[in-house]
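*Asks:* Any chance you could fold what I've pasted below:
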Amino acid sequence: MENIEITNARQNNLKNISIKIPKYKIVVFTGVSGSGKSSLVFETIGAEAQRQINETQNSFIRNRLQHYGIPDVDKIENLNVPIIINQKRLGGNARSTVGTAADVYASLRLLFSRMGHPFVGYSNVFSFNNPQGMCPECEGLGIVQTVNVTTLIDQTKSLNEGAIKFPTFQPGGWRLTRYTQSGYFDNDKKLKDFTAKEWDILLYEPEHKPKCPDKNWGKTVKYEGIIPRIEKTFLKKDSKENITRKDALSNVVITKACPSCQGKRLNEKILSCKIKGKNIADCTALSIDELLEFIQSLKSEAYEVIIKELSAKLQNIINIGLQYLTLDRSTNSLSGGESQRIKMVRNLGNSLVDLLYIFDEPSIGLHPKDLQNINAIIQQIKDKGNSVLVVEHDPDIIKMADWVIDMGPGSGKSGGEVIYEGDFGGLRKSKGKTGSYFKEKPVIKNQFRKANGYLEIKNASLHNLKDISVNIPTGIMTVVTGVAGSGKSTLINHILPLFYPNLTVIDQSLFTASARSNLLTYLNISDTVRKLFAESNHVSEKLFSRNSEGACRNCRGLGVEKIDLAFMDDIEQPCEVCGGSGFDPKVQQYQYHQKTIVEVMNMTVLDAQHFFTDKNILKNFDLLAKLGLDYLMLGQRLDSFSGGERQRLKLTRELKNTHQIIVLDEPSTGLHPSDTQKLLSFFSDLVDQYNTLIVIEHNLDIIAQADWIIDIGPGAGKFGGKVLFEGTPDALLKNKISYTAEFLRKHIE
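*Replies:* Next up, the predicted model:
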């Protein structure tokens, strides 16, 4: 029982793999993107373990669990109960905070209910989700929505000219008559000429019967100022109308801290309870490291157990490099990497053993210094008697493995095999791309482009930035570095656009696209492909579209059908009429160069490069290959791409442009080290096109090839926010205070 044994795995591109994976070890799976790592680890091992656990539950509970299909594998033996820690953002609603997600807030509530004075109730009343604890005005959300007068009112117009910029308050709209017929205003007077009293009546007056209204005013009709009226009609949570006016509302509504509780979410009674002068909201507003200092300063023999437990939980968050967060921060503002680390912390507190932990690139968003902590935590999880599987590209995590399984040799159809299995020492001598990366000695750039000007930032003080001024060179590639939470993103993503609003920011956010969008539609070449099929078969182009005449009648072109299992979960499975292609089976009779449209949609970019001859199509595919994306399938849905893939896809649209300032946030995310070189040569092309490139990055291979480096630090949160270094990579090596310098030296040695 010392191995998980897999026999003949064929999920996605896996080529009938049979393999033994050692238990109670840290096993790292490597290989280029698309080589089959996730197919083996998540979609075969993880999915099967999760599915078998779900099967043990009763139907009521199964109905509420995520549904896992049966993976394409003959058998898997000796599986453990899985805990899958992926990069799905924690999301959650406005009531989910770092404190609740990391399982710390409950301990803090307990402490206040025991040690706080005056006594206001037991621990549950300190919850902002409890009616006895929440602020009555914002109902525990800490924020209220209100109307932004400057965007709502055009002061240069009169009421008759349409000064109120909101549907049904415009001339001819029925709501406007409540103001024009009220008898309070000269309807042709510009609003900028209103007296203070007129403004007050127009905007804020509470509901009442007007004294001298127009003759058309209804007998029972009451007058009410615009602001309370819009708030009541559109912003109250049980308002029916806010759904219908979403677009109009987004222009005039602002969210601000609740005036009653100042954003603290709790009512006055609960906030009156204090420990050493601080109430519970003061504590959740401290950064985690400051909160730990405060908790450790408390002395109480009676409650020593609670203090110790709370301290240990906070220390775990600090160890994982998130000391800059506050417990009151909402989880939907966290990045994927931060979310993953919060999930890690949550699992450190449990006392379960003999579990199978599966991590998805835990290095994402982390500086090499922070990685040491991650490594220590993964080690701790293993030492408790668990098995750990990690899918990872980062050299520092690969080096920590007890056992490495390298997948490849290439992506897509040319992947799906095990290239190497063994310890890290043997990986260097192995044949795959991972092995050859570790064989080569990293190099540092020694010839640098010269700047042709500077972007100036003066006295930046947002978040943790300490009044910093910095010049970012133009016409070259600048890499902005520093530990997670040091202030890099604040400086580049929040401050820089205030000085230079015409930046092009290419991030990892989702595309605004429908479920029917795929790689070909994104590249704007689906019409060209349809035309090739139509011309060689003398039929209509519409036959080769899943949104038109070519759509399968059964699934309407989506390729999947939902099956309603009554009181069990709905499940999605490939449409049985078209086999999941989305095309009407009769379209399969038409071919272009011996291939059907379905076969073309299933091609990878690499296959397509050899298949098509049209120059316009090929230049798109060459671009994707340059970015290490040649394993993507032409018909792959856009909503299935990872953050790193999305960012690199967006990059393809920028090569045509010149004289731009382009900001990239961690473009190496999800890239195998061998593909980093491709990305660097792509960056070179962008700079040769007279663009300025600003890259926020932790990847040492990219840092080593910068023309200019700006290092922010030294630590995270309140310990960061200073400019530690500005200069070339070779000069950075001599710096004694920067963590980036320390790890760059190690990297090159």
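
*Asks:* can you list the weak-confidence ranges in the stretch 101-250 of the chain?
*Replies:* By pLDDT under 70, the weakly predicted segments of the stretch 101-250 of the chain are 237-247.

*Asks:* dump the residue contacts of the residue lying farthest from the centre of the chain.
*Replies:* The centre of the chain is farthest from one residue, K215, which by C-alpha atoms, centre = their mean lies 57.7 Å away. Listed by C-beta atoms under 8 Å, 6 or more residues apart in numbering, the contact set of K215 is empty. All C-beta spots, glycine's among them, are computed from the backbone N, C-alpha and C.

*Asks:* Surely it forms part of a helix?
*Replies:* No - looking at K215 with DSSP: H, G, I helix; E, B strand; the rest coil, it is coil, so not inside a helix.

*Asks:* how close does it get to Q181?
*Replies:* In this view, K215 and Q181 are 9 Å apart by C-beta to C-beta, to the nearest Å.

*Asks:* now swap in V252 and tell me
*Replies:* From V252 over to Q181 the distance is 23 Å, taken as C-beta to C-beta.

*Asks:* and if you look at F743?
*Replies:* 72 Å.

*Asks:* V305 now?
*Replies:* Distance, V305 to Q181, by C-beta to C-beta: 69 Å.

*Asks:* These two: which is more packed in?
*Replies:* A count of neighbours by other C-beta atoms under 10 Å puts Q181 above the other of V305 and Q181, at 19 against 9.

*Asks:* Tell me the helix or strand right after the least confident helix or strand in the chain by mean pLDDT.
*Replies:* Ranked by mean pLDDT, DSSP states H and E, the helix or strand of the chain with the weakest confidence is strand 571-574, at a mean of 72. For strand 571-574, the following helix or strand on the C-terminal side (DSSP states H and E) is helix 597-601.

*Asks:* what about that next one, average pLDDT?
*Replies:* What helix 597-601 shows for mean pLDDT is 96.

*Asks:* Use 42 as the first number from now on
*Replies:* Shifting the count to begin at 42 puts that one at helix 638-642.

*Asks:* Show me what it is packed up against.
*Replies:* Under the contact criterion of 3 or more C-beta pairs under 8 Å, 6 or more residues apart in numbering; DSSP states H and E, helix 638-642 touches helix 567-578.

*Asks:* So which bits of the helix it packs on are buried?
*Replies:* S567, V570, R571, L573, F574, A575 (16 or more other C-beta atoms under 10 Å).

*Asks:* Just the closest of those to H700, please.
*Replies:* Comparing the buried residues of helix 567-578 against H700 with C-beta to C-beta places S567 closest, at 30.6 Å.

*Asks:* which ones are touching that closest one?
*Replies:* Neighbouring residues of S567 by C-beta under 8 Å, 6+ apart: N559, L561, S586.

*Asks:* The same query, at a cut-off of 7 Å, please.
*Replies:* L561 (C-beta atoms under 7 Å, 6 or more residues apart in numbering).

*Asks:* And it, how far from L573?
*Replies:* From S567 to L573 the distance is 11 Å (C-beta to C-beta).

*Asks:* So what does the closest residue to Q222 other than its chain neighbours look like in phi/psi?
*Replies:* Excluding its sequence neighbours, the residue lying closest to Q222 (C-beta to C-beta, 6 or more residues apart in numbering) is D255, at 3.7 Å. Note on D255: backbone dihedrals following degrees, to the nearest 10 are phi -60, psi 160.

*Asks:* so D255 sits right up against Y225, yeah?
*Replies:* No - counting by C-beta atoms under 7 Å, D255 does not reach Y225; the two are 10.3 Å apart.

*Asks:* and the two? which has more neighbours close in?
*Replies:* Y225 (18 against 12).

*Asks:* Phi and psi next, for C302.
*Replies:* phi -110, psi 0.

*Asks:* so who does the closest residue to it other than its chain neighbours touch?
*Replies:* Leaving aside its chain neighbours, C302 sits nearest to C176 (3.8 Å; criterion: C-beta to C-beta, 6+ apart). By C-beta under 7 Å, 6+ apart, the contact set of C176 is C299, S301, C302, R306, L307, N308.

*Asks:* again, only using 10 Å
*Replies:* Applying C-beta atoms under 10 Å, 6 or more residues apart in numbering, we find C176 in contact with 169, 182-183, 185, 299, 301-309, 311-312.
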